[in-house]
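Engineer: take a look and give me a structure for this.
(chains A and B)
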Amino acid sequence: DAGITQSPRHKVTETGTPVTLRCHQTENHRYMYWYRQDPGHGLRLIHYSYGVKDTDKGEVSDGYSVSRSKTEDFLLTLESATSSQTSVYFCAISRTSGGAGADEQFFGPGTRLTVL
Amino acid sequence: RKEVEQDPGPFNVPEGATVAFNCTYSNSASQSFFWYRQDCRKEPKLLMSVYSSGNEDGRFTAQLNRASQYISLLIRDSKLSDSATYLCVAEFSGNTPLVFGKGTRLSVIA
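Structural biologist: Below is the predicted model of the structure:
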């Protein structure tokens, strides 16, 4: 299994509070991703990173920010959590991104976040 | 627009049955395709990559039809342990992340 962990695994918080989720990898992969998964919507990309301090937005980036100061860590921050951000959050990593030689993505175990 | 479309199911099949899933993708230039499996309350995991010539791994066969822009997954001799959600995945350009379909749910019944 790819060396990818997420913390915390479960979190309950209140509306308006800041929340930071951490993704840590030991594979030295260049690309890291944050997704949320909700019933009826599948996996939706929030933000991704293609190197240290290099990030880009995904399809559902509003209300989220990310940072990557080291290759192995990718942080997802909800500045002021809302109930609509209750979801399961998955981190993923890959060696390459798109193209003919696109590599698979490896996923972390997920974080279940509940915003009350 | 980058889209990967799948029939959400559920597909309920008896043990031993053969079941097939199709998935369509919106960009004719896409070059890499995958099938992932996701068990309930778990992370997605790669089931198999999909090559132009098609590929087989035991009871699982994946095929690509570029002319019609779809990929398929065939599962033969279904087992109870095959019950899961199957995600179709395509890449849409050289520098953007893979795009995941919403998944097709399979339940294999004894």
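
Engineer: make it CA atoms for all contacts and neighbour counts henceforth
Structural biologist: OK.

Engineer: which residue, other than its chain neighbours, is closest to A:T17?
Structural biologist: Nearest non-adjacent residue to A:T17, counting by CA to CA, 6 or more residues apart in numbering or on different chains: A:S80, 5.0 Å away.

Engineer: pLDDT value on the one you found, please?
Structural biologist: A:S80 carries a pLDDT value of 96.

Engineer: swap in A:P39?
Structural biologist: Confidence score, pLDDT, at A:P39: 89.

Engineer: what about A:R112, how many neighbours?
Structural biologist: Residues lying near A:R112 (other CA atoms under 10 Å in any protein chain shown) number 19.

Engineer: partners of the nearest residue to A:L75 once chain neighbours are set aside in the sheet?
Structural biologist: Residue nearest to A:L75 in three dimensions, not counting chain neighbours: A:R22, with 4.7 Å by CA to CA, 6+ apart. Beta bridges link A:R22 to A:S7, A:L75, judged by DSSP bridges.

Engineer: who touches A:R22 in this structure?
Structural biologist: By CA atoms under 8 Å, 6 or more residues apart in numbering or on different chains, A:R22 lies in contact with A:6-8, A:73-76.

Engineer: A:V115 too?
Structural biologist: Contacts of A:V115 (CA under 8 Å, 6+ apart): A:12-15, A:81-86.

Engineer: and the residue nearest to A:S65 when sequence neighbours are not counted, what helix or strand is that in?
Structural biologist: Residue nearest to A:S65 in three dimensions, not counting chain neighbours: A:T77, with 5.2 Å by CA to CA, 6+ apart. Taking DSSP states H and E as the criterion, A:T77 maps to strand A:73-78.

Engineer: list the strands paired with whichever helix or strand comes after that strand, with their directions.
Structural biologist: Remark: after strand A:73-78, the chain's next helix or strand is strand A:87-94, criterion DSSP H and E. Counting by DSSP bridges, the strands paired with strand A:87-94 are strand A:31-38 (antiparallel), strand A:106-107 (antiparallel), strand A:111-115 (antiparallel).

Engineer: could I get those as TSV with distance to B:F33?
Structural biologist: Below are those laid out as TSV (distance: least, CA to CA, whole Å):
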stretch	distance to B:F33
strand A:31-38	18
strand A:106-107	15
strand A:111-115	26
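
Engineer: pull the distance from stretch B:47-54 to the chain's centre.
Structural biologist: Its chain's average C-alpha position is 10 Å from that of stretch B:47-54, according to CA atoms, centre = their mean, to the nearest Å.

Engineer: need the mean per-residue confidence for it.
Structural biologist: With pLDDT averaged residue by residue, stretch B:47-54 scores 86.

Engineer: mind listing what's buried along that stretch?
Structural biologist: The neighbour-count criterion (16 or more other CA atoms under 10 Å in any protein chain shown) identifies B:47-51 as the buried residues of stretch B:47-54.

Engineer: and those residues, which is closest to chain A?
Structural biologist: Closest approach between the buried residues of stretch B:47-54 and chain A, by CA to the nearest CA: B:S49, at 8.1 Å.

Engineer: quick one: A:A81 and chain B, what's the gap?
Structural biologist: Relative to chain B, A:A81 is positioned 23 Å away (criterion: CA to the nearest CA, to the nearest Å).

Engineer: end-to-end on stretch B:2-18?
Structural biologist: Using CA to CA, to the nearest Å, one end of stretch B:2-18 lies 30 Å from the other.
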